[in-house]
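Asks: Fold the following.
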Amino acid sequence: VCVYVCCADAITHPPLQVFDRDGNAQRTLGQGLLRHPYGVCVDGRGRVYVADNEAGAIEVLDGEIGTRLLSIPVPGRPRGVLVTRRGEIFVTTDTPPALLQIT
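Replies: Numbering: from 1, shown residues only. As a prediction, the model looks like this:
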């Protein structure tokens, strides 16, 4: 089990930091790919979904090496992301305020 932490200052810090259950830093993800990450979710296959507020997209990363697998444009500025066991993607946005389902 890992904990994924977004850093909103992705210009000067790694945008996504991964820690083990004891709080030890394991790796960083998203350098050069994420501009302003807000929310993060990991699916059952280890893919990392990141709500990138400035990019206006959900960025899907390989959970081990951090390469971009997919970029999903979102109307508005995404703040949060949730992926269900069935693979449904839900996104919250702040401009305009909304809850969107992306499939």
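Asks: least trustworthy helix or strand in the protein by mean pLDDT?
Replies: Of all helical and strand segments in the chain, the minimum by mean pLDDT, DSSP states H and E falls on strand 2-6, at a mean of 89.
Asks: any idea how far the residue of the chain most remote from its centre lies from V48?
Replies: The centre of the chain is farthest from one residue, D22, which by Cα atoms, centre = their mean lies 21.7 Å away. To V48, D22 is 20 Å away according to Cβ to Cβ, to the nearest Å. Quick note: C-beta positions are derived from backbone N, CA and C, even for glycine.
Asks: same question, L29
Replies: Per Cβ to Cβ, L29 is found 6 Å from V48.
Asks: Next, show the common contact partners of those two.
Replies: Any residue near both L29 and V48 by Cβ atoms under 8 Å, 6 or more residues apart in numbering counts here, and that gives 16, 61, 63, 66.
Asks: Would you format the residues you listed as TSV with neighbour count and pLDDT included?
Replies: Below are the shared contacts of L29 and V48 laid out as TSV (neighbours: other Cβ atoms under 10 Å; pLDDT from 0 to 100):
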residue	neighbour count	pLDDT
L16	24	90
L61	24	97
G63	19	92
G66	20	92
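Asks: Go through those residues and flag which are in strands.
Replies: Judged by DSSP state E, the shared contacts of L29 and V48 include 16, 61 as members of strands.
Asks: Cool, thanks, signing off.
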